[in-house]
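*Asks:* quick check, what structure comes out for this input:
(chains A and B)
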Amino acid sequence: MTDTSINLAEILPKNYDHREVEPRWVQAWEASGLHHYRPDSAAARAGRTFAIDTPPPYVSAAHLHTGHAMSYSQAEFVVRFKRMRGYEIFYPMGFDDNGLPTERYVEQKYKINKGKISRKEFIDLCLKETRDGAAVYETLWRSLGLSIDWRMTYSTIAPRAVRHAQHSFLDLVNKGRLERRVDPILWCPLCSTALAQADVESGDEQNRPMHAVRFDVDPAALVVGGPTSGLIETTRPELVPACVALACHPDDKRFKTLAQVRFQVPLTDLRFAKSEIASDDGTVASTGDVTRGDYRTIPLIFDESVDPEFGTGLMMVCTFGDPEDIAKWRKHKLDTVLIIDAQGRMITPHLPDLDGKRVYVAAKNSSVYNEARAAALQLLRDHNYLEHIKDNVSRASLHERCSTPVEIQVAPQWFIRLLDLKDQLLQRGRDLVWNPPAMRERYEQWVVNLRWDWNISRQRFYGVPFPLWFCTACEAPNFAQLDELPIDPLMTSCPRPCSACGCADLRPEPDVMDTWMTSSLTPLINANWAMWQDQPDPSLPLAEQARSAIYPAGIRVQAHEIIRTWLFYTVAKSHLHTQSLPWQTVMISGWGLDRHGKKMSKRLGNFVEPGEVIAKYGADSLRYWAAGATLGQDLRYLEDDVKGGKRLLTKLWNSTRFALLYLSNWQPGQVAQTPTAADRWIRSRAVQTVQAATEAFEGCEYNRAVRAAEGFFWNDWCDNYLEIVKDRFREGTPFAGGEVEAARHTLLHGSFLLLRLFAPILPFLTEELYQLALKNLLGPDAPQSVHSAAWPQDEHSGQVTVFAGEFSAEALTQGELLLALIAAVRSCRTAAKIGGGRPLSGLYVCADAQQWAQLEPLLPDFVAASRATGCERGIAADLASAEVAGTTLAVAIVPLVDVVAQGE
RNA sequence: AGGCGCAUAGCUCAGUUGGUUAGAGCACCACGUUGACAUCGUGGGGGUCCGCGGUUCAAAUCCGCGUGCGCCUACCA
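*Replies:* The predicted model follows:
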């Protein structure tokens, strides 16, 4: 027997303390540069670089919860797996501090009135919040163990990203993809800015009453025998004064004869003439402030898009209530009557009761009429245009950042033309590898349903400035040169006179770019795309020669709700700029939900602070919870599941301690090993497990990998193999030296295998165990860290490298039989109320000669695991017995103490 | 209104080419601690796999219809 009297506690403390261990490894990994990207490494030179593109979170929002910890952990499982597979990892972290979300956050936090603060003061506040937020994020990501190369960060408002966004803009100008148009655009009246289709979401269903409004036929255009009025139904009566046509279906018999008719627009005859009233005779007259003039009259148009069955079959067309209005306005070349201003106030000087009233309700989900609607209804009622009101359930289109119903404004904006590229963008989506595959459908549907070109102008302060000036004389845009970027035309005047007319007086574009204009470039920013033409700049974080290795990137990881935005825009940009996909693969994660199944959010208050969970249970436990989600599916946060992670940590700690007990003073190789049935079984199971875990990780299915590893670890390794093998090290064991040697080999390589299988999920615990317990045992060539150890399956050959060549189906079958026998003994013990620790004097298996021959190789392990003195064929006293599942074998036991008692 | 996803034990969820008696963790019941682990072990109870119909020797799994929930998109005159 080997000396087992070593003091185990000196090597591994009895308990694992994540509070002490985790921060220590964060420091050590940082100091050793373990996560640094090395473009000149052997792997990189061999073309094995793996670049990952993860979401740059809005740092200013300070909204971190365990849902975020979940999705970033899931991304990182794959990173760690790839690193162990031998890839050079490029894992940067971005911070999105650009654009409207930041502005709104700063406005609310400091209760800012934009009229009373300078643009510069405001931007400085945004930058401050941005820095503070980034620090909070970095602290959390580090404590979560994310293996980010922190030298490779980017910020979407920093010069490098600004340069990219402006470079992208100019490149698209050169490619003829960008144009400035005066067009109806989606508009948020609360934020006073234009929006893109992707910034709009559907509101909840609510009652949006339908108002029937009568339009009288203009007597001058009356059709003989035709009606004298038409009835329309609208949810937006305040838009009636902006009506420019009534529309019906061309086949609708009711209106067929009315091609020449004109309708009077209600309320347009009213004239408010305050000065005249004031100089009037002075008598008090309630109607005295209104006089009557001519109605504005509008045509009837015929359009296939009108549903004759809907409402009255007659529809009003306003400029502009919705995209349908725009379509008819374009097609039929209708007039334009704008009655809502940029702040969402009515412009109706002739209707003072309505003029200046807001068209939106700031409080979300309110079914209360907005003030403009209430005023318009009163007017329509007073003047007898309102026939009736009825309930109607529908949804409003809301600005997704503030939930204000969107309006349509007309203003000059910069557009990236995308609608003509739908087919090409769909093809890109099909060329991309989607995990899970079903998520491609969301992209497909978004592209198919795209109705607006991408409007990138935002009437805000905090964002990337457009790199151009307008000539004050001829209005021609004068663009900056690529080598002048980044540039802020508000701060720098145009270095040249107008290229069109030579005028020297140019003014900057006051708008800023849509935040997605920058975010859509993250893979290109990481690759320093805008600098590809430059001379190499040593101050940049990335060597230029590395760019082809990291662009297109290996993988994009993100949640499903931003497929239509971040993913779509990124695909579009890469298509336009580099004629390629931005990445080979996407991995779409779900949401973190609260225990009731609602999406976690800071705003709803149903969130859990990840920092608190990490403090209490450790980052590894939190990561274990995150690993439980099926890819693409949402995952509830349940503290019990995190506790399950903690249990696994403890079990791994203790089982490795156990292995170490018999390995510490071991000199391997002095005795030839002769594996027993149990050794051959567990080694084959190990090989099987590696294959399953590898296959799962390759498909981004980390949860399947964890399940495979955990099942092997708990059920096979701990509950059975370790129990069987204990007896091999007992004083006076019948096992020979070669069998003890085999057990030691199994313990060492099995333990190391387990640490590697769990390393992507539980980086701290596995590293601690590796460094304290296993590294020295593995000899001088042992890897520096468990995270730089080779994954136990070779990618090229597909061969499992641990217990190589030892897989045997027969060993597995034999092992199953052995486990069944052991389970039968346990069952007997329970039936006879005999504890597992009590030795047995009698152990019998009822078997025929052939079965017995089959069992004989198993008997040493069986007897050892049963704590019996031996095993015989046949049934003894009926103290307890159990069937072995699926066979005719029966097992019976006799507890040692009872025999002793009987004998006395 | 269209699309996608989900529906399996009391709870949270696995179950990938259809194939023994449908699984895990938690919870529950009983038993068991002097050697890795009570943050544990062993044994056990517990399921109309949402419903109906179909294909098949065989369906939780495939097909059709329906119900409920979630999400995406549209409509929102």
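
*Asks:* tell me the bridge partners for the residue positioned nearest the centre of chain A.
*Replies:* Centroid-nearest residue in chain A, with Cα atoms, centre = their mean: residue A:559, separated by 2.2 Å. Note on residue A:559: beta-bridge partners by DSSP bridges are residue A:589.

*Asks:* what comes up buried for stretch A:591-602?
*Replies:* Within stretch A:591-602, the residues that count as buried by 16 or more other Cβ atoms under 10 Å are A:591, A:592, A:593, A:594, A:600. (C-beta placed from N, C-alpha, C; glycine too.)

*Asks:* and the end-to-end length of it?
*Replies:* Using Cα to Cα, to the nearest Å, the span of stretch A:591-602 from its first residue to its last is 13 Å.

*Asks:* which parts of the stretch 101-250 of chain A sit against RNA strand B?
*Replies:* The stretch 101-250 of chain A comes close to RNA strand B at residues A:197-198, A:200-202, A:208, A:210, A:232-236, A:247, as judged by Cβ under 7 Å from any atom of the strand.

*Asks:* between the residues you listed, which sits nearest residue A:258?
*Replies:* residue A:247 (11.7 Å; Cβ to Cβ).

*Asks:* what's the distance between the host helix or strand of the closest one and the middle of its chain?
*Replies:* Here residue A:247 sits within strand A:243-248, counting by DSSP states H and E. The chain centre lies 44 Å from the centre of strand A:243-248; the measure is Cα atoms, centre = their mean, to the nearest Å.

*Asks:* and that strand, what other elements does it pack with?
*Replies:* For strand A:243-248, the elements it packs on are strand A:297-302, strand A:315-318, helix A:323-331, judged by 3 or more Cβ pairs under 8 Å, 6 or more residues apart in numbering; DSSP states H and E.

*Asks:* please save the CA atoms from the helix or strand harbouring residue A:694 in PDB.
*Replies:* Using DSSP H and E, residue A:694 maps to helix A:677-698. The C-alpha trace of helix A:677-698 is given here as PDB (Å, rounded to 0.1, in the frame of the first residue of the first chain):
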ATOM      1  CA  ALA A 677     -13.900  -3.900 -15.500                       C
ATOM      2  CA  ALA A 678     -14.800  -0.700 -13.600                       C
ATOM      3  CA  ASP A 679     -11.800   1.100 -15.100                       C
ATOM      4  CA  ARG A 680     -12.600  -0.100 -18.600                       C
ATOM      5  CA  TRP A 681     -16.200   1.000 -18.200                       C
ATOM      6  CA  ILE A 682     -15.600   4.500 -16.800                       C
ATOM      7  CA  ARG A 683     -12.900   5.100 -19.400                       C
ATOM      8  CA  SER A 684     -15.300   4.200 -22.200                       C
ATOM      9  CA  ARG A 685     -18.000   6.400 -20.600                       C
ATOM     10  CA  ALA A 686     -15.400   9.200 -20.500                       C
ATOM     11  CA  VAL A 687     -14.700   8.900 -24.200                       C
ATOM     12  CA  GLN A 688     -18.500   8.800 -24.900                       C
ATOM     13  CA  THR A 689     -19.000  11.900 -22.800                       C
ATOM     14  CA  VAL A 690     -16.300  13.900 -24.500                       C
ATOM     15  CA  GLN A 691     -17.800  13.100 -27.900                       C
ATOM     16  CA  ALA A 692     -21.200  14.200 -26.800                       C
ATOM     17  CA  ALA A 693     -19.900  17.400 -25.200                       C
ATOM     18  CA  THR A 694     -17.800  18.300 -28.200                       C
ATOM     19  CA  GLU A 695     -20.600  17.800 -30.600                       C
ATOM     20  CA  ALA A 696     -22.900  20.000 -28.500                       C
ATOM     21  CA  PHE A 697     -20.400  22.800 -28.100                       C
ATOM     22  CA  GLU A 698     -19.700  22.800 -31.800                       C
END
